[in-house]
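Q: I would like the atomic coordinates for the input below:
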Amino acid sequence: MELKNIIFIIVFLAVIGFFAFSVNNLIKYLKVAKKKDDRSGDVVTRLKRVWNIAFAQTKLLRDPVAGTLHLLIFWGFVLFIFAVIETILQGFYSPLSLSFLGPVYSLITLVQDLFGLLVILSIIFSLYRRFIQRVPRLVVDDHGMKDAAFILTLIMFIVISMYGQNASGFCK
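A: The predicted model follows:
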């Protein structure tokens, strides 16, 4: 085990601890709230609704341009989960790679690369719509505009770092 793995494990455990602390606080807040509805029934209908609204982004697709941009960014991140899992595993053991999956791994990285490009293009177009085209419903106060630019820029850096990880795997 290398020093970088030890540092990663320490940071990872600290982050997990902070996450558990935050979840515990959220649960405490939720327990204070009044119970209004019993939402335990009709699980199939509720799961279909989650699929349609959360994963298929049907509400956002009412606006075809903004909905498509959001859909591409969302699904790009869903597909990046494989890169995240590989990165976490490599934090514990550096030589580990999902490349043992063979052609499946190649397909995963190809899809990630394609969606990475779509996400980058979506971010560029989103910034264009917000700051150059100035779509009226996207123009908010100065703080909101800075937040939007910051978040979109962070997403861009995540995608670029995913490309770096994939490229570094080919350089070994």
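Q: Pop the domain breakdown of this structure in here.
A: Following automatic domain parsing, one gets these domains for the chain: 1-33, 61-172.
Q: Least confident of those domains, on average?
A: Here the lowest mean pLDDT among the domains of the chain goes to domain 61-172, at a mean of 88.
Q: buried stuff in stretch 78-93?
A: Under the neighbour-count criterion of 16 or more other C-beta atoms under 10 Å, stretch 78-93 has 79-80, 82-83, 86, 90-91 buried. Backbone N, C-alpha and C define where each C-beta goes, glycine included.
Q: what residues are up against the closest residue to Tyr93 other than its chain neighbours?
A: Leaving aside its chain neighbours, Tyr93 sits nearest to Asn5 (6.8 Å; criterion: C-beta to C-beta, 6 or more residues apart in numbering). Residues in contact with Asn5 (C-beta atoms under 8 Å, 6 or more residues apart in numbering) are 91-94.
Q: ok, now Trp75?
A: Applying C-beta under 8 Å, 6+ apart, we find Trp75 in contact with Phe115.
Q: Now do the same for it: helix, strand or coil?
A: Put simply, Trp75 is helix when judged by DSSP: H, G, I helix; E, B strand; the rest coil.
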